[in-house]
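K.L.:
whatever this is, show me its structure:
(2 chains)
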Amino acid sequence: MNNPELDNIEVDLFVQALQRRHGYDFSQYAPASLKRRVQLLSEQLECKTISGLIERVIHEPKLLPRLLDGLTVPASDMFRDPTMFRALRETVLPMLASYPQINIWQAGCAHGQEVYSLAILLEEAGLYERSQIFATDLSERALEHAQEGIYPAREAQQWSRNYQASGGSRSLADYYSARYNLLKLDQRLRRHVTFARHNLAADGVFCEAHLILCRNVLIYFSNPLQERVLSLFSDSLVRGGFLCMGLRESLDYASSANDFSAFDESQRIYRLAAPQERKFG
Amino acid sequence: MKTPAAIAIGCSAGGVDALKAVIGGLDSRLEQTIIACCHSSSDTIDLLCEVLGRTSALPVIEAAERHPVQRGVVQLAPTGYHLLVESDQHFALSIDPRVNYARPSIDVLFSSAAEVWQRALIGVILTGGNADGAIGLQRIRELGGLAIIQSPAGAEVATMPQAALDIAGADYCVDLLDIAPLLNRLCLA
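P.N.:
As a prediction, this is how the structure comes out:
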């Protein structure tokens, strides 16, 4: 039987080893999910214990991309939460249309499903030619995956339903080709996407964005790290810029949430408020 | 066991009637934290909260990310996310891959709750169509908590309670209608 206290010691030591050996700090991640992921990594890499994994963290530098991938990637779906994408399509994009150049930051893009969803929305709104999407993630492997845009074909049915429910008027199949149980997104959708490494826990502002999507990423972060990232978003957005969060994410414990006002609370879409409109100046 | 501080309940789709029977039979004086995970095919659990709330003496709400767990309240896992409990007794969500084809997964909820409450946790497995929950219930027992399983013979779908019985075993294996009175007795003792 494994003793939870011993597990906790091992997870803490793992986090410390990763930080000291490679400079990646996971100490501000929400502990319960982090522990599950570390345990899963340890099993997948056939280590008997997390202590065994720690040895490999220290002595096998080539393992780093695999470790970061295991600690960060939650695979998403195309048009996950279609109601949110519908709100983007119907209310947010028409407001962004007044800008000559639209900068969008997809923070924590994982395998890119939402990046392609967003590109399709912009294409259909006739705004893509003046848009630039910055898709960032901590994991290099996730970014490679996102750039390829190849997914299992079994997802196609669900994703098509999501696309239709988001108000899509064409067929999702117009945007991908299917072969050997795989589907590959039309690479033309990538023409205004820049993929880049960015660590929300450590890195700073790198663009002036009109819209930031960061959905179901902060749920893995502790309150102080959530706070840091929200204030990073606040610094990165133009005044009146939009922020989209996951539908079940709570901003109730973050004082930086006061920088934002609800634009569509049910879809968790917020706007950066002008300083005088903020609850606490 | 210690006086229970929390009850974790799991069932799969089709378990709504069973959940109604259990939640609806709980005593209004219970001060335990009650958390339930029901596999669902709908997009939200608003309706489930409403349906359960109608016959429950205790409030029934959706568990909210980052919020502290509440006592004397039934809190349900939202659809599409795993629900976990942190050691400081706050809820956390994840969109990690499905476990046993399920998200929320009962195993994920039970395993994290087992570590938080250890000997002060009661795990309950009701009717259901797959083996989710069995490993979680085993973890609850390993850490000194108590396991109650709906008797598979009377369950609408026997797979889930039978798997739990085979893998984790039970301290009580009882008919559906006996579960709420048993919980009341254990919790009010």
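K.L.:
show me the shaky parts of the stretch 1-150 of chain A.
P.N.:
A:1, A:73 (pLDDT under 70).
K.L.:
and if we set it to 80?
P.N.:
For the stretch 1-150 of chain A, applying pLDDT under 80 flags the ranges A:1-2, A:73-75.
K.L.:
what residues does it have near chain B?
P.N.:
A:M1, A:P4, A:A30, A:P31, A:A32, A:S33, A:R36, A:R37, A:P74, A:A75, A:S76 (CB under 8 Å from any CB of the partner chain). C-beta coordinates here come from the backbone N, C-alpha and C atoms, glycine included.
K.L.:
make a PyMOL selection of whichever of those residues turn out to be buried.
P.N.:
The PyMOL command for the buried members of the residues of the stretch 1-150 of chain A next to chain B (criterion: 16 or more other CB atoms under 10 Å in any protein chain shown) is given here:
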select buried, chain A and resi 4+30+31+32+33+36+37+74+76
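K.L.:
element containing the spatially closest residue to A:F134 that is not a sequence neighbour, please.
P.N.:
Closest residue to A:F134 apart from its sequence neighbours, by CB to CB, 6 or more residues apart in numbering or on different chains: A:W105 at 4.8 Å. Assigned by DSSP states H and E, A:W105 belongs to strand A:102-107.
K.L.:
pull up the pairing partners for that strand, direction included.
P.N.:
The strands that strand A:102-107 pairs with in its sheet are strand A:131-137 (parallel), strand A:209-213 (parallel) (by DSSP bridges).
K.L.:
the next helix or strand after the last one near chain B at all?
P.N.:
The first helix or strand that comes after strand A:209-213 along the chain, using DSSP H and E, is helix A:223-236. Yes: among the residues of helix A:223-236, A:N223 lie within reach of chain B under CB under 8 Å from any CB.
K.L.:
mind checking pLDDT for residue 175?
P.N.:
I went with chain A, as the question did not name one. Listed pLDDT for A:Y175 reads 97.
K.L.:
hmm, I had chain B in mind actually
P.N.:
As predicted, B:D175 sits at a pLDDT of 97.
K.L.:
would you map the helices across the stretch 51-200 of chain A?
P.N.:
All helices of the stretch 51-200 of chain A, identified by DSSP state H, counting those that start in this stretch, fall at A:64-72, A:82-87, A:93-96, A:113-124, A:140-148, A:156-165.
K.L.:
among those helices, which is the most enclosed?
P.N.:
Burial of the helices of the stretch 51-200 of chain A is given as mean neighbour count (mean count of other CB atoms under 10 Å in any protein chain shown); helix A:113-124 ranks first at a mean of 24.
K.L.:
before we move on, the earlier item: in helices, which of the residues of the stretch 1-150 of chain A next to chain B fall?
P.N.:
A:P4, A:P31, A:A32, A:S33, A:R36, A:R37 (DSSP state H).
K.L.:
now do the contacts for the fifth one.
P.N.:
So the one you mean is A:R36. Neighbouring residues of A:R36 by CB atoms under 8 Å, 6 or more residues apart in numbering or on different chains: B:L84, B:S94, B:D96, B:V108.
K.L.:
switch the residues you listed over to CSV; also include pLDDT, secondary structure and neighbour count.
P.N.:
Output for the contacts of A:R36, formatted as CSV (pLDDT from 0 to 100; DSSP: H, G, I helix; E, B strand; the rest coil; neighbours: other CB atoms under 10 Å in any protein chain shown):
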residue, pLDDT, secondary structure, neighbour count
B:L84, 98, strand, 27
B:S94, 96, strand, 23
B:D96, 94, coil, 20
B:V108, 98, helix, 28
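K.L.:
pick out the most distant pair among the residues you listed.
P.N.:
Across the contacts of A:R36, the longest distance by CB to CB is 9.7 Å; it joins B:L84 and B:D96.
K.L.:
common neighbours of the two, please.
P.N.:
A:S33, A:R36, B:V108.
K.L.:
of the residues you listed, closest to A:M95?
P.N.:
A:S33 (34.7 Å).
K.L.:
so what's that closest one up against?
P.N.:
Applying CB under 8 Å, 6+ apart, the residues contacting A:S33 are A:Y220, B:H82, B:L84, B:A92, B:S94, B:D96.
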